[in-house]
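Student: build me a model:
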Amino acid sequence: MDSTRLDDERLRHDKRVALKLLNVSPATQESSKLDSSLKRHTALIKRMRQSMASDNRDQIQKDIDTLSLEKYVDEIVSSTLDGISRCKTEKDVWSAVEVISALHRRFPAAFTPSLVSLLSQALSVPSRSSLSALTPEQREKEDSSRVSRQRPLLRVCSELALVGVIRDDVGRSGGEWIMKAVKDMLSNDPTLSSLPLLTTFLKSYSLPYLGLAPPNIAKQVSATTDGDSFSSSVQEHANSTDAYPPLIAEEDQLVEKDVRDRFKRMCEGYFENVSKKLVIEHTRLQEQDRRNHEAYIRSGEIFEDRQQAYEKMTKGYEKLLASCQQLSELLYLPLPTLPNNVRKTDSIQIGVSTNTGTGDMDEIYTPGGKWEDEEERKFYEEVQDLKDFVPKSVLGIEEGEEKSAEEDQEKRAAQEKEEMRKLEEELEKLSTEERAPPKPEEANDVAEDDLPTPTPGTPKASTPPLSPQLAPQGPSQLLSALLTRLPDATNRALIDQAAIDFAFLNSKAARKRLVKFLGQVPKNRTDLLPHYSRLVATLNKYMPDIGTELVAILEEEFRYLQRKRNVVKELAENVTYLANLTKFRVVPTHLILHIFKVCLDDFSGTNVENLALLLEGCGRFLLRSEDTRERFGTMLELMRRKQSMQHFDQRQLLLLENAYYQCNPPERSPRQEKQRTPMELFIRHLIYDVLIKKTIDKVFKLIRKLDWEDPGVRKIFFKLFVKPWKLKFSNISLMAMLTYDLQRYQPAFSVAVVDQVLEDVRRGLEQNVYSTNQRRIATIKYLGELYIYRLLSSGIIFDTLWSLVTFGHPDGRPLPNQASPLDMPDDFFRIRLVCALLDTCGMCFDRGNQKKKLDNFIVFFQYYIHCKDDLPMDVEFMVSDSLEAVRPKLERAKTIEDAAIAVDEMFNLAFQSKEVIEDEENDSGEESGEDDERRENVEREEEEEEEAMEIDDHDEERPPSPEETVVLSASNSNQEYLGPSAEADAEFEKELAKLVTEAEARKVDKKTALALWDSSVLPPGTRRKRGDEGEDEENAGTTDPSVMNFTIVTKRGNKQQSRQLAIPAESALAVHTRTAQLQDKVEQQQLKRLVLNYEQREEAEELKALEARNRVGGIKIRYVAS
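Tutor: Just a heads-up that it's a prediction; the model follows:
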């Protein structure tokens, strides 16, 4: 025991002693002064029946001290028994003991005897007659419920016997009462169902009732010590005089010594009986395993009822073994030695197939060698010879022994040939038809007990690291250290060194330990199997029993797992192990072919995976070895025929196809590597290898330095820049950045890249080929990145988004469950494309008109999603993440009806907005069309006249010059030297703004009034015809100058009407209107003339200044207008 456990035991002993002193001499209390309220008594009884745990202890003890309780003792006794059954922890048990002690001190004559009687009945075991009437399932259920019910009662009774509530006699404890109760439970229990109760009792009370303390083992026991030596050492130290000093003095013990001794002998005797039963069950289990194995050899299967019985027996044996181990630890007694009858099989009897058939088989052509590469060949063929590293005396080899070893090898070879001959005879009888499972010769040929076969052993725990004081000294310790290092030997050098180290430790016991260790590889360490196989192959030459025993263990395990059919991982590990040993030629060829045939006979379920593992592991080796080529080729052909006749799911078909072509790949010419120029290799290296975020500037400079005038270089760049799927997905944005940087120097190249990307997106929509989906994702991501770097407009992005959800559907509108060849209802890839594009550039559309466009698209996108089948979980999460990123507060449509209504509303609003805009444009165009035409004609005539006059003036001023004439035009490269200076532009803009402001100030009120009048009063039809009416008015004015037409608007109900009204020209209204029109026209003409004159003056001054500058340089200039 450590110090903490010692302190806990002393603390418990002190608490028990203190409570026992109170219980032995209880103090009397006058009941007349106590409360006799019925309500409080009822509450106390109810509380005690619910629970007597630590949370209710204080209140219960307070009520016991303050209530009279005399009339309710019987009810309190029954409620106490119910409350004890709910005490699960040690703290709750002690709380119940304190409550019962308080009641014992109040009513020692009325309460305690009744409670002890009830506890004795509760701890009793049902009679055998009552149990025999129950079925095995009912009996098991009854035993389980009884154990769970009696466990807290036994713990509370044990404490009550220690604190003086339960007593054998005056002045004695209740130890004998507890011993009698435990003895009754164990003696009337032939099925050992009460064994957990004894385990629970010993865990907490072995020290006070049995006087057991852990033995003081002064010397540390090594990890290699067996069970017998360990138990003998424990017994010696336990019986020695200088054993562990007693924790509690004899005079302070709560249980008498004679009771303790008798209790201890009783428990030891019970453990001895349990150990005998364990040995008997173990022997029967092994015998049943042998019988099952023989039955399987005869019939080829284990029947279902026998298998169920065997599994049930295995479960019972494992439960008994666990209980026996617990008792051994608690009583400090050794476990019994379990006999281990290892069955070895010298040969394998191959069952004869009932169906025979003949058929011609095409010869399987096997190109290539046994090994995939040179490294694999070296690993499996170049095995070191221990004779070169270890002395012959250590290996036990002499000249005579070498000759006998050679003779043994010859005998083994002859035996293998005989086995192979038998196998060939069987293969000739194999049929191409599906064979029925073999039937047993006799159903009940051997009377067998319903005993299970033991499961394969679990891997042995690794040896704990040794302390410096106990460094490995003897062979056993060195072997343990070697086995500890083996899981870390994961290369050729380490495993070869381990083989040499084991050779120096070679002995029969060491070989057995090694075989046991190698046969128990952890399930998650399949990477160790090739290296362990190499270790066995290295040792097998001089220690053949290692390979033989390991193969026997693996063969038995394969047969066992083949019968269970529900242990996929273990069977896969077993088959992989055998395949690796086969390539080292440790497993005889007839054995591995027999295993292949067993799986092929029952070509279904897990055997499909087993065959695939065999083909992948050693199929190539067997198919290309001289001694197994024909036989294994025959089996392989049979497997292909069975595969074509049976129905397998897609996963199994894929497993078989991959395994078959891995061991027998089809003949094909070597792949021709594409020849690339050094320039192309350099450019590909820059884009695919060098390009990262840190090196983008360097890559861009190197790209610019290349010869872009060379069509070959330009073609290479174009091919790389339009294939973003060949880049890392994270580097697509860097490619878009390079395209943007190149735009300043190679604008045509960037435009071509954008065009090709858009073409690729369109072609993906038109073809919709599944194999190009990855390319389409990369292309749509590239398109979004190009928009981020302003290489295309937002309109193209929205056109692409709308194309993704409408292309291929009638009238561009998808319908629910509408089958479109390019966009089926169960095809969700377009949704992935939309999400990828929104994730890339959707955050840019967060304001203005673009925000409104994206909102409209999202409305339609939700409708498009509802037109599809139910979205897979990953697509649903992708849509949620994308929409939340661009519109966090968006409320998604729950049904397709809601989505369709939202789409209709969106389209109606869009159409209304479009009509309003068109009406406004038509109104403004019709009103100003006539004036604009007249203005344009006048301006054109004036400009032509002025230009002609200006050219004539220049021609008259400039005399002809014999010097070379420089012709300047708008397209000349020296255009940047023409035009006014910055100061002249600023002054012109200032004067023009002043002039326009003065003119507008006079007209603003009148124009505003007319505009308001037209927009608010005149009907739309009237406004559209104002231009025509103006012409009619002018025509009317010319025909009848004394009359002026006006339009009168009237309203009848909600309908507006207009009609023409002729007003005499001499009236004040007509005169005023005509005067205002003429004044506006004069002002417009005057403003137009001022602006034109200013431009002409500025142009003339510029030409004079340019002429003067060039005259100083001796150059004559003649200006020709372009």
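Student: so which strand or helix has the closest residue to Arg629 other than its chain neighbours?
Tutor: Spatial nearest neighbour of Arg629, excluding adjacent residues (C-beta to C-beta, 6 or more residues apart in numbering): Leu623 at 6.2 Å. All C-beta atoms are positioned from the backbone trio N, CA, C, and that covers glycine. Using DSSP states H and E, Leu623 maps to helix 620-624.
Student: which other residues reach that helix?
Tutor: 364, 366, 368-372, 582-583, 589, 592-593, 628-629, 632-633, 636, 662-664 (C-beta atoms under 8 Å, 6 or more residues apart in numbering).
Student: just checking, what packs against the helix or strand just after it?
Tutor: Reading on from helix 620-624 to the C-terminus, the next helix or strand found by DSSP H and E is helix 629-645. Applying 3 or more C-beta pairs under 8 Å, 6 or more residues apart in numbering; DSSP states H and E, we find helix 629-645 packed against helix 399-428, helix 589-601, helix 620-624, helix 650-663.
Student: and the angle for the second one with helix 629-645?
Tutor: Right, helix 589-601. Comparing the axes of helix 589-601 and helix 629-645 via axes from the mean of the first three to the mean of the last three C-alpha atoms, to 10 degrees yields an angle of 10 degrees.
Student: could you check the angle helix 650-663 makes with the next helix or strand after helix 589-601?
Tutor: Proceeding N to C from helix 589-601, the next assigned helix or strand is helix 606-614, under DSSP H and E. For helix 606-614 against helix 650-663, the angle by the same axes, to 10 degrees is 30 degrees.
Student: how far off centre is helix 606-614?
Tutor: Once both centres are worked out by C-alpha atoms, centre = their mean, to the nearest Å, helix 606-614 turns out to sit 26 Å from its chain's centre.
Student: what mean pLDDT would you report for that helix?
Tutor: Confidence for helix 606-614, expressed as mean pLDDT, is 86.
Student: could you dump stretch 817-833 to CSV, C-alpha only?
Tutor: The C-alpha trace of stretch 817-833 is given here as CSV (Å, rounded to 0.1, in the frame of the first residue of the first chain):
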residue,chain,number,x,y,z
ASN,A,817,-38.3,18.0,-61.6
GLN,A,818,-37.7,19.1,-65.2
ALA,A,819,-35.2,16.8,-66.8
SER,A,820,-32.8,18.8,-68.9
PRO,A,821,-29.9,16.9,-70.6
LEU,A,822,-27.4,19.5,-69.5
ASP,A,823,-28.8,20.1,-66.0
MET,A,824,-30.6,17.1,-64.4
PRO,A,825,-32.5,17.5,-61.1
ASP,A,826,-30.0,15.3,-59.3
ASP,A,827,-27.0,17.2,-60.7
PHE,A,828,-25.8,19.8,-58.1
PHE,A,829,-22.6,20.8,-59.8
ARG,A,830,-23.9,24.2,-61.1
ILE,A,831,-24.8,25.1,-57.5
ARG,A,832,-21.2,24.4,-56.6
LEU,A,833,-20.0,26.7,-59.4
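Student: next, the buried residues of that stretch.
Tutor: Buried residues in stretch 817-833, counting neighbours by 16 or more other C-beta atoms under 10 Å, are found at Asp823, Phe828, Phe829, Arg830, Ile831, Arg832, Leu833.
Student: now stretch 47-58
Tutor: Arg47, Met48, Arg49, Ser51, Met52, Ala53, Ser54, Asn56, Arg57.
Student: just the strands from the protein, written as ranges.
Tutor: Taking DSSP state E, the strands of the chain run over residues 966-968, 1043-1052, 1055-1064, 1117-1119.
Student: go through the ones you listed and name the closest to Gln862.
Tutor: strand 1055-1064 (42.2 Å; C-beta to C-beta).
Student: in PDB, could you pull the C-alpha coordinates for the closest one?
Tutor: C-alpha atoms of strand 1055-1064 as PDB (Å, rounded to 0.1, in the frame of the first residue of the first chain):
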ATOM      1  CA  LYS A1055     -59.900  60.400 -67.000                       C
ATOM      2  CA  GLN A1056     -58.100  63.300 -68.500                       C
ATOM      3  CA  GLN A1057     -59.000  64.800 -71.900                       C
ATOM      4  CA  SER A1058     -57.300  67.500 -74.000                       C
ATOM      5  CA  ARG A1059     -58.600  69.600 -76.900                       C
ATOM      6  CA  GLN A1060     -57.300  72.400 -79.100                       C
ATOM      7  CA  LEU A1061     -58.400  76.000 -78.500                       C
ATOM      8  CA  ALA A1062     -57.700  78.800 -81.100                       C
ATOM      9  CA  ILE A1063     -56.900  82.200 -79.500                       C
ATOM     10  CA  PRO A1064     -56.700  85.400 -81.400                       C
END
